[in-house]
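Q: Got a sequence here, can you model it:
(2 chains)
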Amino acid sequence: MTVTQRYRYCWKPLVFAAAIVPLLSMLAGIFGIAGQRLGADPVEDLLLTCGKTALNLLCLTLAVTPAAKIAHRPQWLRLRRMLGLAAFSYAVLHFAVYLVLDRSLDAAMIVEDIAKRPYITIGFTALLCLVPLAATSTQRMMQRLGRRWQQLHRLVYPIAILAVWHFYWQVKRDVTEPLIYAAIVAMLLGWRLWHRRRRGGPARVTSKSGLATIPGRT
Amino acid sequence: MKAALNARYSSTEQPTAYADITGYNNFYEFGTGKDDPRRNAHTLRPRPWSVTISGEVEVPGTLTLEDILAPHALEERVYRMRCVERWSMVIPWVGFPLADFIKRFRPTSKAKYVAFRTLHDPKQMPGQRAGWLEWPYVEGLRIDEAMHPLTLLAVGLYGRLLPNQNGAPLRLVVPWKYGFKGIKSIVAIHFTERRPPTSWNVAAASEYGFYANVNPAVDHPRWSQASERRIGASLFDATRPTLPFNGYAADVASLYSGMDLRRWF
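A: Residues are numbered from 1 along each chain as shown, chains lettered A, B, ... in the order given. This next block holds a predicted model:
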């Protein structure tokens, strides 16, 4: 098999299967399948599961470039789009659960929340910023936007910061978990800064043969 | 546990399942996760137990749990419980009015407030090794709130002894206030002329007031208090509006007449 075939028929399906596990587990909990049950506060349970899965996938997306660089495996970049889109999908689900189940689609309440509650404002902003990234994730858009594609997709860095901040700000007292996420995002962004300074340019992944590859190309 | 239902002060709503009441708790002395108290509270030894009564009373002293319970007939009271985190339950408590208990010690005219303190023993309460709150947990009520017939000292729920994770052996229940006012595993009650410190207020004064009356019109600085999610309700029916004083306004609103509830949140 060629690298492209290995990714198309093996690695991408595997990553996809792993990415939908949290969704399947939530569905099993909602419908009581396989003895699964949501927590005592099912809406909170779904909000947390969707939100944390989105954050986990966002961190994984951000980890692809440093990992590929350090391991000299430029082909890993082929998985980045799927991880990013999965993160976006869970963020949308997170927002949908909030709108429909937590707020019962009460428009006045939702508008007030977004305008007045800083942690909701921040989360909503992060989600809005993800939309253009998801919309321009196709091969066609990459070609059409050229250099501007990469500039646009650097938006993922502030998004990651906003997402962790959104998590941190809604915790009542025990901020251990959001601080762990903050440390991970700091490392992922810090690596880029460090790498950029060292090389005097943005991080690029080279294969063992030393050839540069186009980021995100699949 | 024998306890006659007090219908006058009981909600007719469907009580929350026993498993949820005893498995979804905020009791930071055993960890900050909702299921930590159920998993960790086995280290608490609720018997033997004693409570010290002090301050502005004519007959201070230390009473064993048996002394405390002896003169009181236990009642069952089905109360709504609204957490400041926007979730709520309906709990069939077993207990007796705090007012009946307080009268035994004959508070003086200087007793304007009642202060409560939880056990402080990191061996029994491992969560006290973490610094999320200052230990021991303390709470307080104005004397008229403490003497109100709705205010309960609970020793059981669902007709059984109070499980450790729910604040065994003796806890406070003030149904028109946010749940954190209901201090658990009480070892001391002190009568005072000055307003006592309260744990969540000390931790974050801008977010948690001394009064902490349930009020849909006064938001938490970070989230709205206008609605709540009922634990155990179906997924599409969980959210409901929060009522002023948690639905007990007819009984308690007069305690606060003339007070600006935005200021005294």
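
Q: Counting by contacts, list what the helix or strand hosting residue A:69 packs against.
A: Secondary-structure assignment from DSSP states H and E places residue A:69 in helix A:42-71. Helices and strands touching helix A:42-71, by 3 or more Cβ pairs under 8 Å, 6 or more residues apart in numbering or on different chains; DSSP states H and E, are helix A:21-31, helix A:80-97, helix A:156-170, helix A:176-199. Using the backbone N, CA and C atoms, a C-beta is placed for each residue, glycine as well.

Q: how about the CA coordinates for the second one, as PDB?
A: Right, helix A:80-97. What follows is helix A:80-97, C-alpha atoms only, in PDB (Å, rounded to 0.1, in the frame of the first residue of the first chain):
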ATOM      1  CA  ARG A  80      -5.000  16.900  11.300                       C
ATOM      2  CA  ARG A  81      -8.000  18.000   9.300                       C
ATOM      3  CA  MET A  82     -10.100  15.100  10.600                       C
ATOM      4  CA  LEU A  83      -9.100  15.900  14.200                       C
ATOM      5  CA  GLY A  84      -9.900  19.600  13.800                       C
ATOM      6  CA  LEU A  85     -13.300  18.900  12.200                       C
ATOM      7  CA  ALA A  86     -14.100  16.400  15.000                       C
ATOM      8  CA  ALA A  87     -13.200  19.100  17.600                       C
ATOM      9  CA  PHE A  88     -15.500  21.500  15.700                       C
ATOM     10  CA  SER A  89     -18.300  19.000  15.600                       C
ATOM     11  CA  TYR A  90     -18.200  18.400  19.400                       C
ATOM     12  CA  ALA A  91     -18.100  22.200  20.000                       C
ATOM     13  CA  VAL A  92     -21.300  22.500  17.900                       C
ATOM     14  CA  LEU A  93     -22.900  19.700  19.800                       C
ATOM     15  CA  HIS A  94     -21.900  21.300  23.100                       C
ATOM     16  CA  PHE A  95     -23.600  24.500  21.900                       C
ATOM     17  CA  ALA A  96     -26.700  22.700  20.700                       C
ATOM     18  CA  VAL A  97     -27.100  20.900  24.100                       C
END
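
Q: just checking, what packs against it?
A: helix A:12-19, helix A:21-31, helix A:42-71, helix A:118-135.

Q: Chain B contacts on chain A?
A: A:30, A:38-44, A:46, A:101-104, A:109, A:112-113, A:116-119, A:169-170, A:172-174 (Cβ under 8 Å from any Cβ of the partner chain).

Q: filter these to the buried ones?
A: Among the residues of chain A next to chain B, those buried by neighbour count (16 or more other Cβ atoms under 10 Å in any protein chain shown) are A:38-44, A:46, A:101-103, A:109, A:113, A:117, A:119, A:169-170, A:172.

Q: tell me the most buried of the helices and strands packed on helix A:80-97?
A: By mean neighbour count, with neighbours taken as mean count of other Cβ atoms under 10 Å in any protein chain shown, helix A:42-71 ranks first of the helices and strands packed on helix A:80-97 at a mean of 20.

Q: confidence score at the most centrally placed residue in chain B?
A: What sits nearest the mean C-alpha location of chain B, by Cα atoms, centre = their mean, is residue B:182, with 1.3 Å. On the pLDDT scale, residue B:182 is placed at 98.

Q: Where is the longest strand in chain B?
A: Ordering each strand of chain B by length in residues (DSSP state E) puts strand B:87-97 first.

Q: Tell me the residues on chain B that lie near chain A, please.
A: By Cβ under 8 Å from any Cβ, the residues of chain B that approach chain A are B:20, B:23-24, B:28, B:32, B:34, B:85, B:87, B:130, B:132-133, B:203, B:219, B:222-224, B:226-227, B:229, B:231-232, B:235-236, B:238-239.

Q: Mind checking which of the residues you listed are buried?
A: Among those, those classed as buried by 16+ other Cβ under 10 Å are B:20, B:23-24, B:28, B:32, B:34, B:85, B:87, B:132-133, B:219, B:222-224, B:226-227, B:229, B:231-232, B:238-239.

Q: I'd like the helices and strands packed on helix A:42-71 as TSV, with mean pLDDT appended.
A: Below are these laid out as TSV (pLDDT from 0 to 100):
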stretch	mean pLDDT
helix A:21-31	96
helix A:80-97	98
helix A:156-170	97
helix A:176-199	95
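
Q: So for residue B:243, which of the ones you listed sits nearest?
A: Residue B:243 lies closest, by Cβ to Cβ, to one member of the helices and strands packed on helix A:42-71: helix A:156-170, at 23.9 Å.

Q: Tell me the spatial nearest neighbour of the residue nearest the centre of chain A, not counting adjacent residues.
A: Centroid-nearest residue in chain A, with Cα atoms, centre = their mean: residue A:58, separated by 2.4 Å. Of all residues not flanking residue A:58 in the chain, residue A:87 sits nearest, at 4.3 Å (Cβ to Cβ, 6 or more residues apart in numbering or on different chains).

Q: where's residue A:47 relative to chain B, distance?
A: According to Cβ to the nearest Cβ, to the nearest Å, residue A:47 and chain B sit 10 Å apart.

Q: now swap in residue A:143 and tell me
A: 43 Å.

Q: mind checking which helix or strand that residue is in?
A: If you go by DSSP H and E, residue A:143 is part of helix A:139-145.

Q: which other helices and strands contact the helix or strand following that helix?
A: Per DSSP H and E, the first helix or strand lying C-terminal to helix A:139-145 is helix A:147-153. Here helix A:147-153 touches helix A:118-135, helix A:139-145, going by 3+ Cβ pairs under 8 Å, 6+ apart.

Q: just how off-centre is helix A:147-153 within its chain?
A: On the basis of Cα atoms, centre = their mean, to the nearest Å, helix A:147-153 sits 17 Å off its chain's mean C-alpha point.

Q: for stretch B:87-98, same thing?
A: Offset of stretch B:87-98 from its chain centre (Cα atoms, centre = their mean): 9 Å.

Q: which residues sit against stretch A:50-60?
A: Here stretch A:50-60 makes contact (Cβ atoms under 8 Å, 6 or more residues apart in numbering or on different chains) with A:19, A:22, A:26, A:83-84, A:86-88, A:90-91, A:93-94, A:97, A:156, A:159-160, A:163-164, A:167, A:181, A:184-185, A:188.

Q: oh sorry, the question was meant for stretch B:232-245
A: The contact list for stretch B:232-245 (Cβ under 8 Å, 6+ apart) reads A:30, A:38, A:40-43, A:46, A:101-104, B:16-17, B:20, B:82, B:88-89, B:176, B:213-217, B:225-230, B:249, B:251-253.
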